[in-house]
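Q: curious how this folds, go ahead:
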Amino acid sequence: MISIMSFLLLALSVSIIFLFNLFRPKKSEARLPPGPKGLPLIGNLHEFDPMHPHLYLYELAKKHGPLMQMKFGCRPAIVISSARVAKLALKNNDLAFSGRPPLIGFQKYSYNGKDITLSNYNETWREMRKLSLIHLFSVKQVVSFRPLRKDEVSTMIQDMIKKSVSSEVINLSRAAFFLTNRIICRAGFGKKYDEMGKRRFDECLKETQELCVAFFFGDYFPFLGWLDKLTGMNSRLEKNFRDLDKIYQETIDDHLDPNRPESMRGDILDLLIQLKQEQAAPVPIEWENVKGILMNVFIAGTDTSASLIVWAMTALIKKPEVMKKAQEEVRNVLGNKGTVDEDDIQNLPYLKAIIKETLRLFPPTPLSVPRETIQKSTVDGFEIPEKTMVYVNVHAIGLDPEYWENPTEFLPDRFLNSAIDYRGHDFGLLPFGSGRRGCPGMNLGLATVELALANLLYSFDWELPHGMKKEDIDMEVSPGVTSHKKIDLCLVGKCYEYNI
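A: Below is the predicted model of the structure:
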């Protein structure tokens, strides 16, 4: 009797032989982009760095060029690593590059394509995105959340003042994480962070971030998808999805209660429910659409803003002269007002320049969520076939020497008197994507970053802990979709005179 292991090995061997014949490269007359030569069947998967893919691809592009062809199993892919090529692909061929690959994690978390970020390009997606831009993330809606942003930033600053008085070291990484989570919970779900269950909330988010970049055999070798069951990846994904779905459903049930508290009126979920009940779109809005968009808010809205705040403060503590200039600006504008509010932000051009420079050097998502071409196109003289995965290396573009002078230096002054912006029209700065796939929640996240950073600079003079030099600051990045500083940023804050 053949053992189970022998059967599995036999099945695997047969599958590999079948796939090798099915997916081995076929001769083509098309002029495809250059790229590293891969191995039979697996392509370039063996050399792909899953921990820091943007760094690996950046180095690879130096050898093969800013438009690079690769193959991951049976999936052809291209990597874009320069501003010039990004413009040719994402502006001139925006429609062709507007799809999403049907990856296992994408499909699960998006309720089979019912969200905005991960679903493929189709009529339902177009209508959901239109609704989100008009209602959920409009300027008016972002402004409506000003009181809660002010409240949460003030809470963070007051907590830091207490620690400052007792000379306690402040963990800015944790402070930024808690701040953005508190704001997203209130703006998105109408609940305080503690009411969501901090531990459950944090554990779900951490697991989701890991699974979003995890390897699934079924993504690259469809006929080997059964291996994901053996490795436990399918059950791990399913459990995390159920945990997330439970959070969404509980929050929806609370919002459907006619006696719900005032805090649950006017938040993002409340608006989604109203749009569903009113059937405000030409296509039916289902509960899966509501949950899919909640997933986008939950995953994208927390980590990215916290990451940006931490990297900005890290860059500033390493450049004391830039920190001093930023503090002089905000203190000269505010005087003895005591706190920065959002009306003051427009009078702080150097603060805005610092945020742009941080987005350039430390983009929250250094390697874009992959796209997929929905039709054949031509970019820079090369043919890009339909159903090709597309990675935009935002990290590499921010370091493009053809676009940026002294690209590795943190120089916010480069943005003073400059029209370059991060909204997707300048292809040397693409932290939020561009075109049809641009991030609809950009303004919501940046409002938090601007207010938090301005108050941190106004309220404290920052120093490194005793015995530590700026050269000792570790710049290593944690693995994951979002670019987090691996070692928490811990600083000593001395209260500025107006806050004593």
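
Q: hmm, V330 is touching S459, no?
A: No - with contact defined as C-beta atoms under 8 Å, V330 does not count as touching S459 (9.5 Å). All C-beta spots, glycine's among them, are computed from the backbone N, C-alpha and C.

Q: who has more neighbours, those two?
A: Each of V330 and S459 had its neighbours counted (other C-beta atoms under 10 Å), and the higher figure belongs to S459 (26 against 23).

Q: and that one, how close does it get to W125?
A: From S459 across to W125, the span is 43 Å (C-beta to C-beta, to the nearest Å).

Q: do the same with E262
A: Separation of E262 from W125 (C-beta to C-beta) stands at 33 Å.

Q: more neighbours, the two?
A: Legend: neighbour count by other C-beta under 10 Å for E262 and W125, higher for W125 (23 against 7).

Q: whichever strand or helix holds that one - contacts with which helices or strands?
A: Element membership for W125, per DSSP states H and E: helix 123-131. Using 3 or more C-beta pairs under 8 Å, 6 or more residues apart in numbering; DSSP states H and E as the contact criterion, the secondary-structure elements in contact with helix 123-131 are helix 287-318.

Q: following element in sequence after the helix it packs on, please.
A: Next helix or strand after helix 287-318 toward the C-terminus (DSSP H and E): helix 320-334.

Q: mean confidence score for that next one?
A: Taken as a whole, helix 320-334 carries a mean pLDDT of 97.

Q: now it: buried residues?
A: Buried positions in helix 320-334, judged by neighbour count with 16 or more other C-beta atoms under 10 Å: 322-323, 325-327, 329-331, 333-334.

Q: what is the helix or strand just after it packed up against?
A: From helix 320-334 onward toward the C-terminus, using DSSP H and E, the following helix or strand is helix 342-345. Where contact means 3+ C-beta pairs under 8 Å, 6+ apart, helix 342-345 is packed against helix 146-165, helix 320-334, helix 442-459.

Q: quick one: closest of those helices to H466.
A: Distances from H466 to each of the helices and strands packed on helix 342-345 were compared using C-beta to C-beta; the minimum, 14.6 Å, belongs to helix 146-165.

Q: okay, angle between that closest one and helix 442-459 too, please.
A: Relative orientation of helix 146-165 versus helix 442-459 (axes from the mean of the first three to the mean of the last three C-alpha atoms, to 10 degrees): 30 degrees.

Q: what sits up against helix 146-165?
A: The contact list for helix 146-165, computed with C-beta atoms under 8 Å, 6 or more residues apart in numbering, reads 169-170, 175, 178-179, 182-183, 186-187, 339, 341-342, 447-448, 451-452, 455-456, 459-460, 492-495, 499.

Q: ChimeraX command to pick out the buried ones of the residues you listed?
A: Only the buried members of the contacts of helix 146-165 enter the following ChimeraX selection, criterion being 16+ other C-beta under 10 Å:
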select :170,175,178,179,182,183,186,187,339,341,342,447,448,451,452,455,456,459,460,492,493,499
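
Q: check which residues of stretch 246-254 are buried.
A: Buried, per 16+ other C-beta under 10 Å, within stretch 246-254: 247-248, 251-252, 254.

Q: show me what counts as buried in the helix holding W125.
A: Buried positions in helix 123-131, judged by neighbour count with 16+ other C-beta under 10 Å: 124-125, 127-129, 131.

Q: so for it, what's the average pLDDT?
A: Model confidence over helix 123-131, given as mean pLDDT, is 93.

Q: tell me the first helix or strand C-terminal of it.
A: helix 139-144.

Q: pLDDT (mean, whole number) over that next one?
A: 95.

Q: residues in contact with that helix?
A: Contact with helix 139-144 is made by 135, 266, 268, 271, 443-444, 447, as judged by C-beta under 8 Å, 6+ apart.

Q: could the residues you listed be laid out in CSV, adding distance to K37 and pLDDT?
A: Rendered in CSV, the data for the contacts of helix 139-144 read as follows (distance: C-beta to C-beta, whole Å; pLDDT from 0 to 100):
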residue, distance to K37, pLDDT
H135, 49, 93
G266, 56, 94
I268, 47, 96
L271, 51, 96
N443, 44, 94
L444, 44, 93
A447, 47, 96
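
Q: run through the strands of this structure in chain order.
A: Ranges of strands in the chain, per DSSP state E, are 67-72, 75-80, 170-171, 371-372, 377-379, 382-384, 389-392, 460-463, 490-495.

Q: on that earlier part again, want to throw the helices and strands packed on helix 342-345 into TSV with distance to D413?
A: As requested, those are arranged in TSV below (distance: least, C-beta to C-beta, whole Å):
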stretch	distance to D413
helix 146-165	26
helix 320-334	8
helix 442-459	16
